[in-house]
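**Student:** Sharing a sequence plus its predicted fold:
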Amino acid sequence: MTEIFAVFISPFEYSFMIRALVISVCVGVMCPLLGVYVVNRGLGFMGDAMAHSVLPGMVLAFMLGVSPFLGAIPTGIAVALAIGYLGKSFRVSEDTSIGILFAALFSIGLVMISLSKGLSVRVEDILLGQILGVSNTDVIITFSLAGLVLIIIAALHRQLVFTSFDPLGATVIGLPTRWLDYLLLVSLSVVIVVSLQAVGIVLVVAMLITPAAAGALIARRFTRVMASSVVIGVFSAVCGLYLAYHLDIPSGPSMTLVATAIFVLAVIYNQIRADQ
Amino acid sequence: MVEIGTPVSRKIIEAVDACVEFGSELALDDVTFSVMSGTMTGVVGPNGGGKSTLFNALAGVQELAHGSIYINGKSPKHARGEVGYVPQRERVNWRFPLSARDVVSLGKTGRASLFGRSTPADERSIEESLRRVEMWDLKNVLVDKMSGGQRQRVFLARALAQGAGILLLDEAFSGVDVGSQEGLVEVLKVLRDEGKCILMATHDLNTLADRFDEVICLNRHVCAQGSPETAFTPSVLEELYGPHGSMFADHWQGHHGHEGHNPDHEPGENPTSL
């Protein structure tokens, strides 16, 4: 019993684990919260593209020796606005324009990594996440940005649901649907950026989609799907953190695998419920 | 003398030379008509004839290139909230897991309604709206699990909760079985009798006379407006549907002329009994 207790408590004798826990909870709450919109609006590809597109900004920040947020957040917001604009304004399909933009930006980031000598961070950590190395400043920035997005999403919950469900009806009633779409994309980009240290560029889409998809299998109505997804997201992130610590593996894959295991259980539960 | 309890009919929609352009193409060309309150009007015309564009313009989401539209004497943008819109089903994201009650509560959404809160008055209005379309018992059922007719009722309830005096229904019968269509028409007739102004885009010429007080025949411009019994002359049908318009000339109530010769109705006669 004492040994089991030690498995859960002993990691928090280290301050880096407390910092990692705060970030894990933020990621576990925020990714599924935006993820339910991503899943229900079919924005998975867009979320993945946004995560890959912030690479040049992050690399630039590392090259300058400043917090990765300072590079990634402006890049993420610019990419979100560009995706929103491209999707509505050109005779190229939204998926195509996103694909071109994200591949180009990700390539620029990889070229920058290749050309830069003595980068203070491992490429593997950028791509797969390394939550155990976050600083106090990172925690403060993550907590503040997550709180801000949480307030925005909660305050505009009904407007965002209306715009996502029936955009024309929302416009008719007088909602600024285009601005709400931009706001959702910018919020998504901020959540993606604050999650990058935990899950990395390659796997952030998993934390956006998998808990939300599992939540949709367990609950039926949107607000309940949202709540279930957040519970699953927090559980996945915190369990993933323990696994990363005890097994000395990158945090991104460990969180993703826990979320995937829960998704598989949700599929089985849903199947059993359907058969009854 | 006006009977007590009967809403006074008044001009509620007026379009004067309304034009909508998409690039160099005219989607609506000098559209002029007016609609009174307490009427149920069918808007008929071919695909691409401008029905949805007209509805968007009436709802204030489509700019006019020229001309004017007045809703209760105001521009559509200033009359937001007075128009309730029941969209075509393919324009709605059915993946969103919302119950009937959730959808109707969206009718209470404004720019200022923050944190998704409903007041007790909102709750009463939502319940009353669902009851009026006979959907209260299904309030917790997800709309994507409902039949086409039930979904249309839920959207109608949303428009009622919004407090709209004008109801625009774009292809509301698309994908709705005949029995459910009749049920929906009965609900709409009650709302019309309460003074609502109802416009519905439809392709079903056979049932116009039964269902609508007036029709507007639209093929980028208004070819005719009037009662279903008088609006469809052969020239109007040809203007609407081209050379194929003549095949509709033999349409009678529940009776297709092209399914067999109708001895009581000679070609070239005015096909007034639609």
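**Tutor:** Arrived safely.
**Student:** Now B:Ala201. Nearest residue, chain neighbours left out?
**Tutor:** Take B:Ala201 and drop its neighbours on the chain: the residue closest to it by C-beta to C-beta, 6 or more residues apart in numbering or on different chains is B:Lys51, 4.1 Å away. Heads up, the C-betas are built off the backbone N, CA and C, glycines and all.
**Student:** list the contacts for the residue nearest to the spatial centre of chain A?
**Tutor:** Nearest to the geometric centre of chain A sits A:Ile192, at 3.8 Å (C-alpha atoms, centre = their mean). Each residue near A:Ile192 by C-beta atoms under 8 Å, 6 or more residues apart in numbering or on different chains is listed here: A:47, A:50-51, A:54, A:76, A:204, A:208.
**Student:** got the contact list for the helix or strand of chain A with the lowest mean pLDDT?
**Tutor:** Lowest mean confidence among the helices and strands of chain A (mean pLDDT, DSSP states H and E): helix A:2-9, at a mean of 78. Residues outside helix A:2-9 that contact it (C-beta under 8 Å, 6+ apart) are A:242, A:246.
**Student:** State the helix or strand in which A:Met207 lies.
**Tutor:** Following DSSP states H and E, one finds A:Met207 within helix A:177-218.
**Student:** ok, now which ones touch the residue in the stretch 1-150 of chain A that chain B sits nearest to?
**Tutor:** Here the residue of the stretch 1-150 of chain A nearest chain B is A:Asn40; by C-beta to the nearest C-beta that distance is 5.0 Å. Residues near A:Asn40 by C-beta under 8 Å, 6+ apart: A:164, A:216, A:222, B:93, B:95-97.
**Student:** How about A:Gly233?
**Tutor:** A:Gly233 touches A:27-29, A:31-33, A:35, A:207, A:211-212, A:259, counting by C-beta under 8 Å, 6+ apart.
**Student:** pLDDT at it, what is it?
**Tutor:** As predicted, A:Gly233 sits at a pLDDT of 96.
**Student:** Which strand or helix spans it?
**Tutor:** Going by DSSP H and E, A:Gly233 is in helix A:222-247.
**Student:** Figure out how far that helix is from the centre of its chain.
**Tutor:** 12 Å (C-alpha atoms, centre = their mean, to the nearest Å).
**Student:** how about the residues of the stretch 151-274 of chain B near chain A?
**Tutor:** B:155, B:158, B:162 (C-beta under 8 Å from any C-beta of the partner chain).
**Student:** okay but the last one is in contact with A:Ile173, surely?
**Tutor:** Going back to what we said before, that points to B:Gln162. Yes. The criterion here is C-beta atoms under 8 Å, and B:Gln162 meets it with A:Ile173 at 6.4 Å.
**Student:** any common contacting residues for these two?
**Tutor:** B:81, B:107.
**Student:** on that earlier part again, list just the nearest of the contacts of A:Asn40 to A:Phe16.
**Tutor:** The closest of those to A:Phe16 turns out to be A:Ala216 (C-beta to C-beta; 34.5 Å).
**Student:** Can you tell me the SS state at the nearest residue to B:Phe55 once chain neighbours are set aside?
**Tutor:** With sequence-adjacent residues excluded and distances taken as C-beta to C-beta, 6+ apart, B:Phe55 is closest to B:Leu168, at 4.8 Å. Here B:Leu168 takes the strand state, with states given by DSSP: H, G, I helix; E, B strand; the rest coil.
**Student:** What mean pLDDT does stretch B:99-111 get?
**Tutor:** 88.
**Student:** Can you pull the poorly scored residue ranges out of the chain?
**Tutor:** Just so you know, I chose chain A. Within chain A, the ranges that satisfy pLDDT under 70 run A:1, A:87-91.
**Student:** Please refer instead to chain B.
**Tutor:** B:1-8, B:111-112, B:116, B:243-274.
**Student:** Identify the spatial nearest neighbour of the most centrally placed residue in chain B, chain neighbours not counted.
**Tutor:** Closest residue to the average C-alpha location of chain B: B:Met200 at 1.9 Å, with C-alpha atoms, centre = their mean. Nearest residue to B:Met200 in three dimensions, chain neighbours excluded: B:Leu169, at 4.2 Å (C-beta to C-beta, 6+ apart).
**Student:** C-terminal to the least confident helix or strand of chain A, what's the next element?
**Tutor:** Scanning onward from helix A:2-9 (DSSP H and E), the first element met is helix A:15-40.
**Student:** Would you mind listing the buried residues in that following helix?
**Tutor:** In terms of neighbour count (16 or more other C-beta atoms under 10 Å in any protein chain shown), helix A:15-40 has its buried residues at A:16-17, A:19-40.
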